[in-house]
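Asks: Provided below are the primary sequence and the corresponding predicted coordinates.
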Amino acid sequence: MSLGGKVAVVTGAAKGIGKAIAEIFLQNGAKVVLLDVDEPAGKRLKNGLDQQFGEERSLFMKCSVESDEDIKAALQSTIDTFGSINILCNNAGILREGDWEKTISINLGGVIRMTYAALEHMNKLSGGQGGVVVNTSSVAALCPQGLDPLPSCPAYSATKHGVVAFTRAMAAASRASEYGIRFNVVCPVRVQTDFFSSVSQNFGQFSHLLGALQKSAERALDPSEVAECVLDLVTDEVKNGETVLLSQSGRKYLTFPQNLQ
Ligand SMILES: NC(=O)c1ccc[n+]([C@@H]2O[C@H](COP(=O)([O-])OP(=O)(O)OC[C@H]3O[C@@H](n4cnc5c(N)ncnc54)[C@H](O)[C@@H]3O)[C@@H](O)[C@H]2O)c1
Ligand SMILES: CCCCC/C=C\C=C\[C@H](O)C/C=C\C/C=C\CCCC(=O)O
């Protein structure tokens with residue numbers, strides 16, 4: 001699928017991985033709607049992108065993925081401005097073990113809330129053009145796949161497991177009901193962003209369990225490496241229902257057991 005003229009909505013787009021996803025989409029010809037709660041950072045990014053790609057290629061809106069009202073307004077403005085939605089990247093996320101309810105509300109609730117609202121515009125069954133949804137999970141989701149759990153962030157890990165399960169179930173629902181929408185999820189290891197603000201703010205009562213991980217010699221990924229993987233999951237029409245572990249050694253497409261035997 002070529003990105004020329006396609007319309008992409010990216011949550012958590014003002015910084016870090018979301019910003020890199022927005023940039024790679026613009027470089028490949030898409031129009032991009034940047035959604036974030038951080039209005040100053042969003043406006044700064046939009047100004048920079050306007051210089052590089054032209055004002056008409058992007059739109060920034062303050063939008064919390066916790067708010068049905070914000071989401072509805074943002075998606076309606078997208079339709080009013082660009083006419084359709086072809087791509088959705090549910091990327092906004094936080095790691096705040098001390099406020100696990102907010103972590104769940106943003107990381108998992110936000111993905112579900114935004115997906116259901118966007119489907120009203122994307123689903124071929126309701127007059128949309130179809131398209132693709134790519135969600136940002138984490139390596140923290142993958143302990144059932146043989147990786148060790150991250151004891152420093154149980155609630156965060158639960159949300160990211162949830163994002164993988166939601167993505168795979170939606171891919172199956174879309175296939176069965178012919179929504180014309182593909183669903184994929186990327187699970188990165190550590191990425192060089194502002195995500196880890198402070199050990200106590202991120203990990204709270206579990207801070208002491210960070211241990212060796214914090215001192216890991218493994219390099220953090222660059223946000224552009226995640227964006228390249230997301231681009232591939234968007235443009236390659238064969239990729240549907242994929243869960244990709246993205247680490248320093250590259251991309252691994254995960255398989256799941258087919259039955260309980
Ligand atoms: N950085 C890492 O090591 C890493 C690793 C794996 C997965 N991830 C995931 O990648 C995603 C992006 O993280 P990042 O590293 O770019 O972090 P980041 O903090 O740089 O960016 C996250 C963005 O999300 C926005 N945001 C927060 N709450 C929001 C809300 N309610 N509504 C809309 N936007 C909101 C923030 O303002 C920020 O701009 C997250 O889902 C995170 O869990 C990050
Ligand atoms: C720097 C502290 C890392 C603590 C990990 C806790 C939460 C992780 C959240 C992110 O979604 C994933 C980021 C890092 C995971 C780090 C290591 C896991 C595997 C080791 C590796 O290969 O880097």
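Replies: Perfect, I can see it now. Numbering: from 1, shown residues only. Ligands and ions are numbered 1, 2, ... in the order given.
Asks: can you list the residues of the stretch 51-200 of the chain near ligand 2?
Replies: Residues of the stretch 51-200 of the chain lying close to ligand 2 by CB under 6 Å from any ligand atom are 95, 138, 139, 140, 150, 152, 153, 189, 190, 196. Quick note: C-beta positions are derived from backbone N, CA and C, even for glycine.
Asks: show me where pLDDT drops low in this structure?
Replies: 212-215 (pLDDT under 70).
Asks: quick one, strands of it?
Replies: 7-11, 31-36, 58-62, 87-90, 131-136, 181-188, 243-247, 250-253 (DSSP state E).
Asks: in the stretch 51-200 of the chain, which residue sits nearest ligand 1?
Replies: Here the residue of the stretch 51-200 of the chain nearest ligand 1 is residue 93; by CB to the nearest ligand atom that distance is 2.2 Å.
Asks: give me every residue that touches the nearest residue to residue 125 once chain neighbours are set aside.
Replies: Computed as CB to CB, 6 or more residues apart in numbering, the closest residue to residue 125 that is not its neighbour in sequence is residue 179, at 6.1 Å. Residue 179 makes contacts with 119, 122, 123, 124, 125, 130, 173, as judged by CB atoms under 8 Å, 6 or more residues apart in numbering.
Asks: for residue 158, same thing?
Replies: Residues counted as contacts of residue 158 (CB under 8 Å, 6+ apart) are 104, 108.
Asks: just to revisit the earlier point, and for the residue nearest to the residue of the stretch 51-200 of the chain closest to ligand 1 when sequence neighbours are not counted, the neighbour number?
Replies: For residue 93, ignoring the flanking residues on the chain, the nearest one in space by CB to CB, 6+ apart is residue 107 at 4.7 Å. As a burial measure, residue 107 scores 26 neighbours (other CB atoms under 10 Å).
Asks: so who does the residue nearest to residue 121 when sequence neighbours are not counted touch?
Replies: In space, and not counting its chain neighbours, residue 121 is closest to residue 85: 4.8 Å by CB to CB, 6+ apart. With contacts defined as CB under 8 Å, 6+ apart, residue 85 is in contact with 7, 9, 75, 78, 79, 118, 121, 122, 128, 131.
Asks: one more: residue 28?
Replies: By CB under 8 Å, 6+ apart, the contact list for residue 28 reads 3, 4, 231, 235.
Asks: I figured residue 126 hits residue 116, correct?
Replies: No - using CB atoms under 8 Å, residue 126 makes no contact with residue 116, being 11.7 Å away.
Asks: quick check: closest non-adjacent residue to residue 242.
Replies: residue 184 (4.5 Å).
Asks: contact partners for that neighbour?
Replies: If you count contacts by CB under 8 Å, 6+ apart, then residue 184 has 132-135, 167, 171, 233, 239-244 around it.
Asks: tell me if stretch 187-196 is near ligand 1.
Replies: Yes - applying CB under 6 Å from any ligand atom, one finds stretch 187-196 touching ligand 1 at 188, 190, 191, 193, 194, 195.
Asks: now those residues in CSV, with neighbour count?
Replies: Output for those, formatted as CSV (neighbours: other CB atoms under 10 Å):
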residue, neighbour count
188, 22
190, 17
191, 20
193, 17
194, 8
195, 17
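Asks: JSON lines for these, including distance to residue 100?
Replies: Formatted as JSON lines, the residues of stretch 187-196 next to ligand 1 follow (distance: CB to CB, whole Å):
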{"residue": "188", "distance to residue 100": "21"}
{"residue": "190", "distance to residue 100": "21"}
{"residue": "191", "distance to residue 100": "22"}
{"residue": "193", "distance to residue 100": "21"}
{"residue": "194", "distance to residue 100": "21"}
{"residue": "195", "distance to residue 100": "17"}
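Asks: now the two most distant members of those residues.
Replies: Greatest spacing in the residues of stretch 187-196 next to ligand 1, by CB to CB: 188 and 194 (15.0 Å).
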